[in-house]
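Just need the structure, nothing else, for what follows:
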Amino acid sequence: MLLLRFIVVLWLGLAGSDAKSIKKSHVNLLEPTLGPDDAWQGKWFPYAPGQPHIPQNAQRVQGTASTPATDNWTGKWFPYVPGEPHVVKVTPQERQDEMEKSSTTPKDSWPGKWFPHEPHKVHKKPLEDENTRLREIICDDGKSNLRLDYDPNDIRDSLNYLCITSNRSLYQPDLTREALLTEHFLPIAYLPPAKCMNESIEYTHLPVTNGAYRPLPAEYGVYSYLPPQRYLRNLAEGAIVMLYHPCAFPGQVEQLQHMVSGCLYRHLISPSQALSAERPLALLAWSHSLEMSVVDWRLVADFIQKHAKQGPLALEELSRVVGKREAYKEGLTTEARLVTTADDYELCGYMKEGM
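Take a look at the predicted model:
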């Protein structure tokens, strides 16, 4: 019994001693203290035990826009110095200089040409472009840009009216060869377009009797050469065009020319390489052609009387405009003379007795 009491007292004493040690250790963990002779030589993070969270070397600085924070940094701050408001400092003079600099054309080392115009330069058309635009407005004056159809000053275009064959006998008249009458059918409402001298014109058949033409008509008469783009305008107003190959027999050419010029005023005569050796003579009206090897005055008179003064632009009173309008005259050698009047109220009148 005594032994049991002794054991209980001993156990209680040991339990009280352990509780005091745990309490003292707990206090040390919550409130650590360091003596002046502490051996720790490193740095505490985020701060030393027992020290408030304020850097010891912190200084309260009142930053102003004119006094930026001092620092030993020798470079440039981005976007601005710490403590300085983000305001771009530009004096009125600097602003004026910047505006003048932006309004001037920057210099460039490029030695070539700019397209369509130099940077920062007002887009103004040069004078030559203005002249070109004015010529386009004029469209056709019978003198400008003629090389598009026929250039009378280019020796290469002389092939249109020169006989260059080595066997001219192929073009001799053949009494056994019949004339060829051709008609090209067009819709009744068809109106041929007039194209300015900045557009080329091509045709689908030879000799040409219909299609697009130049706005300015040719002066009536005999030409050293007249391109089809020009005489088609006259065909559209009811003219008769006589074509002959440069290698055709001269006697036949003169005979046909005399007949045509004696039948009506509104006629044109020109050489043409579009004719064949079998039939080197031709009469043209709007959408009609008569090709011959030998001149037949009956066929000539009948063709002129049926098809002259016919066309989409034909005028009953041509005399009202023919003397006042501008006309193409390049290559004109002989002007047409009046047979009756400019309106040709009678066609081939001198032939009626023989017919």
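
Where does pLDDT dip in this structure?
Regions of the chain meeting the criterion pLDDT under 70 cover residues 1, 15-40, 52-71, 84-90, 92, 96, 99-108, 116-117, 120-137, 352-355.

how close does residue 216 get to residue 147?
16 Å (C-beta to C-beta, to the nearest Å). (C-beta placed from N, C-alpha, C; glycine too.)

go on, residue 282?
According to C-beta to C-beta, residue 282 and residue 147 sit 26 Å apart.

who's more crowded, the two?
Using other C-beta atoms under 10 Å as the criterion, residue 282 and residue 147 rank with residue 282 on top: 26 against 12.

mind listing the strands for the stretch 151-300 of the chain?
180-183, 221-223, 240-244, 267-271, 281-285, 288-292 (DSSP state E, counting those that start in this stretch).

what's the closest of these to residue 327?
In terms of C-beta to C-beta, the element of those nearest to residue 327 is strand 221-223, at 10.0 Å.

for residue 307, what are its contacts?
240, 285, 286, 288 (C-beta atoms under 8 Å, 6 or more residues apart in numbering).

quick check, residue 11 in a helix?
Yes. Under DSSP: H, G, I helix; E, B strand; the rest coil, residue 11 falls within a helix.

and it, how many neighbours?
The burial count for residue 11: 10, using other C-beta under 10 Å.

Look up how far residue 2 lies from it.
From residue 11 over to residue 2 the distance is 15 Å, taken as C-beta to C-beta.

again, but for residue 270
Residue 270 is 163 Å from residue 2, by C-beta to C-beta.

cool, residue 152 as well?
Distance from residue 152 to residue 2, by C-beta to C-beta: 158 Å.

neighbour-wise, which of these two wins?
residue 152 (13 against 6).

just checking, that one touches residue 160?
No. Contact criterion C-beta atoms under 8 Å: residue 152 and residue 160 do not qualify, at 10.0 Å.

Please identify every residue contacting each of those two.
Contact with both residue 152 and residue 160 is made by residues residue 225, according to C-beta under 8 Å, 6+ apart.

Can you show me the helices along the stretch 101-250 of the chain?
127-138, 228-236, 250-263 (DSSP state H, counting those that start in this stretch).

Can you list the helices and strands that the shortest one packs against?
Think helix 228-236. For helix 228-236, the elements it packs on are strand 240-244, strand 267-271, strand 281-285, judged by 3 or more C-beta pairs under 8 Å, 6 or more residues apart in numbering; DSSP states H and E.

Now do the same contact list for residue 179.
Going by C-beta under 8 Å, 6+ apart, the list of residues near residue 179 reads 279, 290, 291, 292, 293, 296, 299.

Closest to residue 313 out of those?
Nearest member of the contacts of residue 179 to residue 313, counting by C-beta to C-beta, is residue 290, at 21.3 Å.

Return the residues in contact with the closest one.
179, 180, 181, 182, 282, 283, 284, 299, 300, 303.

Give me the neighbour count for the residue lying closest to residue 289 once chain neighbours are set aside.
Nearest residue to residue 289, sequence neighbours excluded (C-beta to C-beta, 6 or more residues apart in numbering): residue 182, at 4.7 Å. Counted with other C-beta under 10 Å, residues neighbouring residue 182 total 14.

Cool, thanks, signing off.
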